[in-house]
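Visitor: I would like the atomic coordinates for the input below:
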Amino acid sequence: MTTTVRTAATGTLAVPGATLYYEVRGSGPVLLLLPGGAGDAGMYAGMYGELAARYTVVSYDPRGLSRSPLDGPLTDQRVDVWADDARRLLDHLAPDAEATVLGCSSGAVVAVDLLARHPERLCRVVAHEPPLLELLDDPAPHKALFAEVRQTFRAEGVAAAMTRFAEGMGERPAGERAEPAADQDPTELPPEIREMAPRMHANLPVFLDRMLCPFSATAPDLAALRPVAHKLVPAAGRDSRHQLPLYGPAVRLAEVLGRDVVEFPGGHLGAVERPKEFARQLLAVLDRAE
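Guide: You can find the predicted model right below:
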């Protein structure tokens, strides 16, 4: 079933264990957007205007989040399963074409795994701040923080867990919120982002309990990535330089694969907080890659 909402065609796709909700905008080569944290297809709404002028932009709610229900009970989520979901969505919407992918945060973890296991489906992958802690010289303190955040959620709930996350990161957990920056008028946000906020809040238990630790503990398949490293663009936000678990893995991934890190405007959630600047940088990066 497909319908049209605003300027997006929407649909659902049955995959093993879940049904994915997706949106399609624009025309041209396929650009698949993988949301991060508790976000869903609305996470990139502020970028759609710029991107859909040149690409067929595909966004979706990952399994277990928002409008993509699971068929069974919620368990720890697996990066490889989410990457297979993305590949199935590409096979459904663009079976004969290579796609470009942007993933942010946990979405970037999925994007890296997608490239490692299905490189033939992709022409370019921009991985913005994947929290791949295993790439760091000393991942232990950061893994301990994330484990503490999860335990705080289980014992005290969402608010306490997000407070602990913020304290551990040295600020509000910018990568896992939908609110605008402090100097941004919420009424100026695209309606899709305003609509996403309550969905994202409802998704936070899934993120805190079933995604944060297993996704950040995933080790990328460097052996599989090396032959296709030319397709990968490790990226990070300029404002994240002081946050080692967010900025550091992108730097390390670039080092081991012989790539350069590309900086984007803003911090971990630059795609939401500074969407037009972020979109312009993304298009410039893709132009240079071509």
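
Visitor: quick one: the strands in the stretch 151-290 of the chain, in order.
Guide: 232-237, 262-264 (DSSP state E, counting those that start in this stretch).

Visitor: so which of those is the most packed in?
Guide: strand 232-237 (a mean of 26; mean count of other C-beta atoms under 10 Å). Where you see a C-beta, it was placed from the backbone N, CA and C, and this is true even at glycine.

Visitor: wait, is Val126 part of a strand?
Guide: Yes: according to DSSP: H, G, I helix; E, B strand; the rest coil, Val126 belongs to a strand.

Visitor: quick check: it touching Leu283?
Guide: No: Val126 lies out of contact with Leu283 (C-beta atoms under 8 Å); the separation is 10.8 Å.

Visitor: more neighbours, these two?
Guide: Val126 (23 against 17; other C-beta atoms under 10 Å).

Visitor: list the contacts for the more buried one?
Guide: Neighbouring residues of Val126 by C-beta atoms under 8 Å, 6 or more residues apart in numbering: Thr100, Val101, Leu102, Gly103, Ala111, Val233, Ala235, Val262, Leu282, Val285, Leu286.

Visitor: burial of the first one, as a residue count?
Guide: Going back to what we said before, that points to Thr100. Neighbourhood size, Thr100 [other C-beta under 10 Å]: 22.

Visitor: direction included, what does the helix or strand containing it pair up with?
Guide: Using DSSP states H and E, Thr100 falls within strand 99-104. Here strand 99-104 has these sheet partners by DSSP bridges: strand 30-34 (parallel), strand 122-128 (parallel).

Visitor: give me the mean pLDDT for the longest one.
Guide: Average pLDDT, strand 122-128: 98.

Visitor: next one: that strand to chain centre, how far?
Guide: On the basis of C-alpha atoms, centre = their mean, to the nearest Å, strand 122-128 is displaced by 12 Å from the centre of the chain it belongs to.

Visitor: which parts of this structure are helices?
Guide: For the chain, helices defined by DSSP state H occupy the ranges 48-52, 79-93, 106-117, 140-156, 158-169, 191-206, 212-216, 222-225, 244-257, 270-273, 275-289.

Visitor: low pLDDT regions in this protein?
Guide: 1-6, 171-190, 192, 290 (pLDDT under 70).

Visitor: tell me which residue is most central in it.
Guide: Gly107 (2.5 Å; C-alpha atoms, centre = their mean).

Visitor: any idea how far Glu263 is from the residue nearest to that one when sequence neighbours are not counted?
Guide: Of all residues not flanking Gly107 in the chain, Leu34 sits nearest, at 3.3 Å (C-beta to C-beta, 6 or more residues apart in numbering). Distance, Leu34 to Glu263, by C-beta to C-beta, to the nearest Å: 20 Å.

Visitor: just Pro191 next, same as before
Guide: Remark: distance between Pro191 and Glu263 (C-beta to C-beta) = 30 Å.

Visitor: for Leu31, same thing?
Guide: 20 Å.

Visitor: and what of His201?
Guide: Computed with C-beta to C-beta, the distance linking His201 and Glu263 is 30 Å.

Visitor: next one: Arg78
Guide: The value you get for Arg78 to Glu263, if C-beta to C-beta is used, is 30 Å.
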